[in-house]
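> when you get a sec, could you give me coordinates for this:
(one chain, ligands or ions: 1)
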Amino acid sequence: MIHDLVIIGGGPAGLAAAIYAGRADLEGFILEKMSPGGQVLITDIVENYPGFPDGITGFELVEKLSEHAKKFGFGVENGEVEAIEQAGENLNIILADERVITTRNVIIATGATHRRLGVKGEERLTGRGVSYCATCDGPFFRDQRVAVVGGGDSAVQEAVFLSRFASKVYLIHRRDELRAVKVLQERAFSNEKIEFIWDSVVEEIEGQDQVKSVRVRNVKTGEVTHLPLDGVFIFIGIEPATNFVRDLIETDEQGFIKTDEWMRTSLKGVYAAGDCRLKPLLQIVTAVAEGATAAFAVEQEMA
Ligand code: NAP
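Numbers count the residues shown, from 1 in each chain. All right, here's what the predicted structure looks like:
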């Protein structure tokens, strides 16, 4: 069977694309390697999604989006995509379990994953004090000392979240100015549990079976200190989950997919939406808008 549309990834962009595709009577489904949700699922409270002035939990928002997509007949199938290949006018999606799905159109909405620091101890101590998800692991650090690495929205938002549990939160940033939006900065600056360690980089995460400390170097003075800790949360940005299409369509050097305003990539029939796409604002509100646009573009193309 040749499908109309397969959406790869069930985060907000993929789910919004599914709502629009279903309503437009396109045939197809979402391919998701785990369960729908993406990064939003591990977000405690989403405060800036329009229509929810009191905020909504990431979990609840995903549930509502999934239910909405299902209502319009666009279901979710499990499968991990290894590659996409051109097959004449169509596209073949090759799955890790060797299944091949043939479709006229694909929307890539695979999102992004957390970037690793790449320092000694990070990999070995992941799950033993090193974490990339405050919502998942924060409650384990009640009355303990943690550090957050990074200076963007994620680092600052999660530092504030962690202060609910931890006795002390160090925010280690490589510059002396945060990248995060002002409202988050102000929240962190007025939080008594948060201490900022400026102009500093983590060179090693130390500990045998559990995080015990981090080796921090001040990039201005060269001074090296060992900061005793129970946990390290790393929020230094994201990497697009696009390895499987880097040879097929145009991306930037980091792998973010280039599209036009219809979300069309450099290959006919292949669209991209959400955090895997090259764009200025990575938010749920932009992801859903792009998912809708991509589905609309497919509908127009097939009309
Ligand atoms: P980000 O905005 O790219 O910030 C990454 C931070 O990590 C920057 O402060 C950067 O430092 C630092 N960094 C990068 N590489 C590093 C390294 N090797 N060592 C030490 N520090 C390093 O990433 P993000 O905070 O994960 O956010 C990703 C996107 O999601 C953004 O567009 C953000 O706006 C969005 N987001 C929004 C919200 C919200 O609206 N509430 C929440 C979370 C995320 P420099 O500043 O020096 O470059």
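
> chain center to the longest helix anywhere in the chain: distance?
Under DSSP state H, the helix in the chain containing the largest number of residues is helix 284-302. Between the centre of helix 284-302 and the centre of its chain there are 19 Å (Cα atoms, centre = their mean, to the nearest Å).

> quick one: is that helix near the ligand?
No - Helix 284-302 stays clear of the ligand (Cβ under 6 Å from any ligand atom), getting no nearer than 8.3 Å. For every residue, glycine as well, the C-beta is placed using N, CA and C.

> flag every buried residue along that helix.
Using 16 or more other Cβ atoms under 10 Å as the test for burial, helix 284-302 gives 284, 286-299.

> over to stretch 36-54?
For stretch 36-54, burial by neighbour count (16+ other Cβ under 10 Å) applies to 36-44, 46, 49.

> swap in stretch 129-147?
For stretch 129-147, a neighbour-count test (16+ other Cβ under 10 Å) marks 129-135, 137-138, 141, 145-147 as buried.

> nearest to the ligand, of these?
Minimum distance to the ligand across those is 9.9 Å, recorded for Tyr132 (Cβ to the nearest ligand atom).

> my guess is that closest one meets Phe233, correct?
Yes - Tyr132 lies in contact with Phe233 (Cβ atoms under 8 Å); the separation is 7.3 Å.

> how many other residues sit next to Met34?
Using other Cβ atoms under 10 Å, Met34 has 10 other residues around it.

> can you tell me the closest non-neighbouring residue to it?
Among residues not flanking Met34 along the chain, Asn78 sits closest, at 8.0 Å (Cβ to Cβ, 6 or more residues apart in numbering).

> quick one: residues contacting the one you found.
Taking Cβ atoms under 8 Å, 6 or more residues apart in numbering as the contact definition, Asn78 lies against 31-34.

> same deal with Phe233?
Applying Cβ under 8 Å, 6+ apart to Phe233 gives the contacts 131-132, 134, 137, 146-149, 158-159, 162.

> now do Arg142
Neighbouring residues of Arg142 by Cβ under 8 Å, 6+ apart: 165-166.

> and it, how close does it get to the ligand?
Remark: distance between Arg142 and the ligand (Cβ to the nearest ligand atom, to the nearest Å) = 23 Å.

> just use 214 as the starting number from now, easier for me
In the new numbering, first residue 214, that becomes Arg355.

> now that residue: how far from Asp412?
30 Å (Cβ to Cβ, to the nearest Å).

> likewise for Glu512?
Here the criterion is Cβ to Cβ. By it, Glu512 lies 51 Å from Asp412.

> burial of His216, as a residue count?
His216 has 18 neighbouring residues, counting by other Cβ under 10 Å.

> per-domain residue ranges of this protein.
Here the domain parsing of the chain from automatic domain parsing is 215-326+451-515, 329-447.

> and those as a markdown table, adding mean pLDDT?
Formatted as a markdown table, those follow (pLDDT from 0 to 100):
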| stretch | mean pLDDT |
| --- | --- |
| domain 215-326+451-515 | 96 |
| domain 329-447 | 97 |
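
> from the chain's centroid, how far away is stretch 392-412?
The answer for stretch 392-412 is 22 Å, by Cα atoms, centre = their mean.

> and the strand of greatest length in the chain with helix 497-515, angle?
Of all the elements of type strand in the chain, the one with the most residues (DSSP state E) is strand 313-321. With axes from the mean of the first three to the mean of the last three Cα atoms, to 10 degrees defining the directions, strand 313-321 sits at 120 degrees from helix 497-515.

> can you name every helix or strand that strand 313-321 contacts?
Applying 3 or more Cβ pairs under 8 Å, 6 or more residues apart in numbering; DSSP states H and E, we find strand 313-321 packed against strand 215-221, helix 225-236, strand 241-245, strand 303-308, strand 483-485, helix 497-515.

> okay if I get those as CSV plus distance to Ile321?
Supplementary listing: these in CSV, determined by distance: least, Cβ to Cβ, whole Å:
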stretch, distance to Ile321
strand 215-221, 5
helix 225-236, 9
strand 241-245, 10
strand 303-308, 10
strand 483-485, 4
helix 497-515, 9
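
> what sits against the closest residue to the ligand within the chain?
Nearest residue of the chain to the ligand: Gly365, at 2.4 Å (Cβ to the nearest ligand atom). By Cβ under 8 Å, 6+ apart, the contact set of Gly365 is 391-393, 448-450.
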